[in-house]
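Participant: Sequence first, then the predicted structure, then my questions.
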Amino acid sequence: MSLRQTAVRLAAGATVTLASALAGAAFDDLIREGEGPRRQALTAMELKPFPAAAWSGLADWVGGTQVTSVAAGKVVLIVTWKDWYAPSKRGYILAQKLAERHGAEGLVVVAVHDNDGWADFKKPDAAKNAALLIANDPKGDFRKALQVDNDPDFYLIDRAGQLRYADLATESVEGGVKALLAESADAAGGVNTRRASEAKARDLAERRTAAISNSVDLTNIPEQPYTPPTEQEYADAKWPPFPQLKDAREDAKAPDPIPLPVIDQGFLPEKPQLDGRVRIFYIWRPEDRRTYAIQPRMDLTQRQLGRDVRIIGVISPVRDDKGQPYPDDAKPDVMRKKIDDFLASRHLGHTLLMDMAGTLMNLIVEEPEAFPIPYVGISSSDNVVRWRGWMGEPAFEASLDRIIAADPGVKVRRKAEEAYIRDHAGQ
């Protein structure tokens, strides 16, 4: 079972079609392939200008067009494949579909065939789709330059001509494409400077937090009594725009935020204190490494935003296309054992939730590309989802910051805590 083959439904039943774009400069949970020295070498190539000499290794361009003549300011997706080898041909088909969907947005796909079988397969008519270019790698020099090990391999070049992702896992390709399409050339060109600035800002923030913690431990402030905000105060708060479904009609009414039911059972190890705090829900499965690979980042985010945010990893039932649950998901004791086995070698700093009734989120098996991982929902302290989508979108972190800043519950809780801090500083 692969969670890549799912779409998401929130409790209210509204299907979530996950939107585009990841700000790779600020957030990077895309999965790369490879390990050991090869992976280290590939990682060292990222965020540097693409080795232009590699293009000279390609020949027999279909349509007579070389990528260097059309790539300026574009996002370039490279896929290596052999038409006679079914697994790699599926990679080519994925890239072809992406060219059709996103060519008008500035995507160029370069499909690089192995010399073995080049003469035998029927070449597509590239003239029908200028976003798709096909070339032969007659001597394998192109593959050697990019350390390709097994077709299909995927590489992404940003609008500034930098190799941003080397040997990207198939399930992360579409997300990476959308990420880079969302960037301007200037933003792509400034990614290294921006990352350095963000790292410096995080370090400064951590130093300030550490300095304050010398007098008051912010992580252990007792719960302070306060008067909860009214419904009108929540209604008047300046929330970020709620995401429009990707496949919505242009004239469709913008969706409303989604109220969630109150859940008291199923938390592991126990239900966290949620009053006056924003909640981030993410979906994961103990059988799928891609879904729990983000958990260290979730722990870090929980530590950094622990005063105002609670992160909850949700395990929900998976259903087939007829709405029937998978066998293990119908047995809470079996799923609980899977989770216990999973946690036996890990110590998580945030809360998990077994939601086997599907009260909060249900996963419905649909098209393979319908569910970019990881999916998240952000709810305000009144338990209303204010943002939902792929965690890699540029809007995720920006919306999280805006939700925290706007949340009336966070404000009144913080005001009560600040009074406590003033009374206890230096004790």
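Facilitator: Received the coordinates, thanks.
Participant: Quickly list what Leu353 is bridged to.
Facilitator: Phe267, Val314 (DSSP bridges).
Participant: which ones are touching it?
Facilitator: 263, 266-268, 281, 312-315, 360 (CB atoms under 8 Å, 6 or more residues apart in numbering). From N, CA and C alone the C-beta is placed, and that goes for glycine too.
Participant: Also Phe154?
Facilitator: Here Phe154 is in contact with 77-79, 91, 95, 165, 167-170, 173, 176 (CB under 8 Å, 6+ apart).
Participant: which residues of the stretch 151-300 of the chain fall in helices?
Facilitator: 170-181, 185-189, 191-213, 231-236, 289-292, 295-304 (DSSP state H, counting those that start in this stretch).
Participant: and these, which is most packed in?
Facilitator: helix 170-181 (a mean of 24; mean count of other CB atoms under 10 Å).
Participant: just to revisit the earlier point, how about the helices of the stretch 151-300 of the chain, which one is nearest Lys123?
Facilitator: helix 170-181 (22.6 Å; CB to CB).
Participant: from the chain's centre, how far out does the closest one sit?
Facilitator: 9 Å (CA atoms, centre = their mean, to the nearest Å).
Participant: Can I get that helix in CSV, CA atoms only?
Facilitator: These are the backbone C-alpha positions of helix 170-181, laid out as CSV (Å, rounded to 0.1, in the frame of the first residue of the first chain):
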residue,chain,number,x,y,z
THR,A,170,9.6,9.6,-8.3
GLU,A,171,6.9,10.5,-5.7
SER,A,172,8.6,13.9,-5.2
VAL,A,173,9.0,14.9,-8.8
GLU,A,174,5.7,16.7,-9.2
GLY,A,175,6.1,18.5,-6.0
GLY,A,176,9.6,19.7,-7.0
VAL,A,177,8.3,20.9,-10.3
LYS,A,178,5.6,22.9,-8.7
ALA,A,179,8.0,24.2,-6.2
LEU,A,180,10.4,25.7,-8.7
LEU,A,181,7.6,26.9,-11.0
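Participant: Show me what that helix is packed against.
Facilitator: Counting contacts by 3 or more CB pairs under 8 Å, 6 or more residues apart in numbering; DSSP states H and E, helix 170-181 packs against strand 75-81, helix 86-102, strand 154-157, strand 162-166.
Participant: could you dump these to a markdown table with mean pLDDT?
Facilitator: Below are the helices and strands packed on helix 170-181 laid out as a markdown table (pLDDT from 0 to 100):
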| stretch | mean pLDDT |
| --- | --- |
| strand 75-81 | 95 |
| helix 86-102 | 91 |
| strand 154-157 | 96 |
| strand 162-166 | 93 |
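Participant: could these be laid out in TSV, adding distance to Leu42?
Facilitator: Listed next are these as TSV, based on distance: least, CB to CB, whole Å:
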stretch	distance to Leu42
strand 75-81	13
helix 86-102	17
strand 154-157	9
strand 162-166	4
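Participant: so which of the ones you listed gets nearest Gln232?
Facilitator: Taking the helices and strands packed on helix 170-181 one by one with CB to CB, helix 86-102 is closest: 42.6 Å.
Participant: residue contacts, the residue lying closest to Glu33 once chain neighbours are set aside?
Facilitator: Nearest residue to Glu33 in three dimensions, chain neighbours excluded: Asp167, at 4.7 Å (CB to CB, 6 or more residues apart in numbering). Applying CB under 8 Å, 6+ apart, we find Asp167 in contact with 32-34, 39, 42, 147-149, 153-155.
Participant: do that again at 7 Å, thanks
Facilitator: Residues in contact with Asp167 (CB atoms under 7 Å, 6 or more residues apart in numbering) are 32-34, 42, 153-155.
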